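Student: with the sequence up front, the predicted model follows.
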Amino acid sequence: MSELDIERLRTLERILLRIFLYGFILLVIWYIILLLLQGPIGAGENRRLLEIIYGEWGTPLRLHLLSFLAIMATKILLFFFVFIPWFSVRQVRKSLERKL
């Protein structure tokens, strides 16, 4: 492979790493917002809003459970569709650089 191919792999590696870092930052912000909504800041207003929108299903516990499940699903998707390809591209690039 040529230097151009190695440079393309390096660019793809940088893009995947940025996506992973932005996704991780998004997860941290999401978790902090969820913790703020659990406390006294969002307890009263969220309860009324959820009961209006979802009826008896709109309990704060169910909202937080759904949020934690969505955070877990996002972590899994980030790991399988961004981190593993990033690691694979990195290993291929390093092996190609050693051959040249």
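Tutor: Happy to help now that I have it.

Student: what's the local residue count around residue 88?
Tutor: Residues near residue 88, counting by other C-beta atoms under 10 Å, number 12. Using the backbone N, CA and C atoms, a C-beta is placed for each residue, glycine as well.

Student: which residues sit in contact with it?
Tutor: By C-beta atoms under 8 Å, 6 or more residues apart in numbering, no residues touch residue 88.

Student: tell me how far it lies from residue 63.
Tutor: The spacing between residue 88 and residue 63, counted by C-beta to C-beta, to the nearest Å, is 37 Å.

Student: repeat that for residue 89.
Tutor: Distance of residue 89 to residue 63, given as C-beta to C-beta: 38 Å.

Student: report how many residues lie close to residue 26.
Tutor: Other residues close to residue 26 by other C-beta under 10 Å number 13.

Student: no, scratch that, I was asking about residue 65
Tutor: Per other C-beta under 10 Å, the neighbour tally for residue 65 reads 11.

Student: and residue 15, by the same measure?
Tutor: Other residues close to residue 15 by other C-beta under 10 Å number 13.

Student: how near is it to residue 3?
Tutor: When residue 15 is compared with residue 3 (using C-beta to C-beta), they lie 19 Å apart.

Student: next one: residue 71
Tutor: Per C-beta to C-beta, residue 71 is found 41 Å from residue 3.

Student: quick one: list the elements packing against the longest helix along the chain.
Tutor: Longest helix in the chain, counting residues (DSSP state H): helix 3-38. Helix 3-38 sits against helix 60-78, helix 84-99, with contacts defined as 3 or more C-beta pairs under 8 Å, 6 or more residues apart in numbering; DSSP states H and E.

Student: residue 71 and residue 3: which has the busier surroundings?
Tutor: residue 71 (15 against 10).

Student: test my guess that the more buried one contacts residue 29.
Tutor: No. Residue 71 lies out of contact with residue 29 (C-beta atoms under 8 Å); the separation is 10.9 Å.

Student: that's all I had, so thanks and see you.
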